[in-house]
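1. I need the structure of the sequence given here:
(one chain, ligands or ions: 1)
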Amino acid sequence: MIAVRVGHLYPDYLNIYADRGNIAVLARRAAWRGLAVELEAIGVGDPLDPDAHDLLYVGGGQDREQALIAPDLAARGDALLAAAATGTPVLAVCGGYQLLGRFYRERSGQELPGAGVFPLHTVAGERRMIGDVLLECELEPGERRTLAGFENHAGRTRLDADATPLGRVVAGFGNDGESGYEGCRVGNALGTYLHGPLLPRNPWLADWLLARAVERRTGERPSFEPLADDLEREAHAVSARRARHRGGRF
Ligand code: GLN
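-> Residues are numbered from 1 along each chain as shown. Down below sits the predicted model:
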């Protein structure tokens with residue numbers, strides 16, 4: 001049986017909004033495809049070998065938790081870039097997304113260093129951006145998909161001019177409430193503000209990540225048989241509807 005090695009960075013610190021649900025979805029969908037998942041928690045000071053994982057995950061957390069792990073995460077920049085350069089899929093959510101950029105400047109003015117995987121920086125604004133979000137993404141040319149989720153962040157994330165966003169905002173705030181874009185993509189590394197958690201309502205993204213993790217492991221990208229996903233489709237529809245009806249912005 002093929003085992004997909006998942007590295008979960010700082011599960012004890014970056015874990016708000018049931019971010020662990022994303023890992024549960026990956027593990028369950030892997031099992032339905034006859035794949036095993038070996039989950040490794042990576043905490044402060046633990047070694048990170050760029051070849052040791054087929055998928056890396058960083059969840060969300062508030063400023064306090066981010067400050068506790070930021071120096072350790074920033075010091076892993078080279079290892080994370082090396083992992084991403086070999087095609088390791090990465091999913092970074094909210095607080096983790098911010099810290100995979102160059103820096104996150106808190107309201108107090110304190111600047112937390114980032115790992116520099118994503119070409120962006122984040123500066124906290126006065127009002128929080130909270131609510132359901134709907135995005136349109138095209139991770140594969142010609143394959144348009146929607147992502148539905150929930151955002152809650154004070155940080156305004158500014159992408160570099162040549163950076164690729166994860167998706168276009170159909171409803172919600174996204175990276176900064178202005179650009180009309182959400183998240184960032186560098187190869188198979190994805191960063192996003194969407195949690196709540198993300199993968200249970202967007203199973204296509206779980207499969208996208210899983211297929212790339214298997215490819216990282218075996219050298220071949222599998223094409224998965226579709227699953228029934230009735231509940232998941234319903235969850236996506238409810239979330240998308242809420243986002244569409246959420247009213248104005250600030
Ligand atoms: N501290 C960050 C912000 O508020 C991230 C919040 C989060 O992960 N929900 O912008």
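
2. what packs against the strand ranked longest in the chain?
-> Selection of the longest strand in the chain by residue count, based on DSSP state E, yields strand 120-140. For strand 120-140, the elements it packs on are strand 103-105, strand 143-159, strand 167-171, helix 230-244, judged by 3 or more C-beta pairs under 8 Å, 6 or more residues apart in numbering; DSSP states H and E. (C-beta placed from N, C-alpha, C; glycine too.)

3. mean pLDDT added to those, as CSV?
-> Converted to CSV, the helices and strands packed on strand 120-140 look like this (pLDDT from 0 to 100):
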stretch, mean pLDDT
strand 103-105, 98
strand 143-159, 97
strand 167-171, 96
helix 230-244, 96
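
4. nearest to the ligand, of the ones you listed?
-> Among these, the nearest to the ligand by C-beta to the nearest ligand atom is strand 143-159 (3.1 Å).

5. if you count neighbours, what's buried in the closest one?
-> Within strand 143-159, the residues that qualify as buried by neighbour count (16 or more other C-beta atoms under 10 Å) are 146-159.

6. any residue of that strand touching the ligand?
-> Yes: figure legend: strand 143-159 in contact with the ligand (C-beta under 6 Å from any ligand atom); contacting residues 152-155.

7. what angle separates that strand from strand 120-140?
-> If you take axes from the mean of the first three to the mean of the last three C-alpha atoms, to 10 degrees, strand 143-159 sits at 170 degrees to strand 120-140.

8. now find how far off-centre strand 143-159 is within its chain.
-> With C-alpha atoms, centre = their mean, to the nearest Å as the basis, the distance from the averaged C-alpha position of strand 143-159 to the chain average is 9 Å.

9. what packs against that strand?
-> Secondary-structure packing of strand 143-159 (3+ C-beta pairs under 8 Å, 6+ apart): helix 95-99, strand 120-140, helix 203-218, helix 230-244.

10. I figured Leu198 hits Val93, correct?
-> Yes: the pair Leu198 and Val93 qualifies as a contact (C-beta atoms under 8 Å) at a distance of 6.5 Å.

11. re earlier: tell me the two of the buried residues of strand 143-159 that are most distant?
-> The distance between the two most remote of these (C-beta to C-beta) is 25.5 Å, for Thr146 and Ala154.
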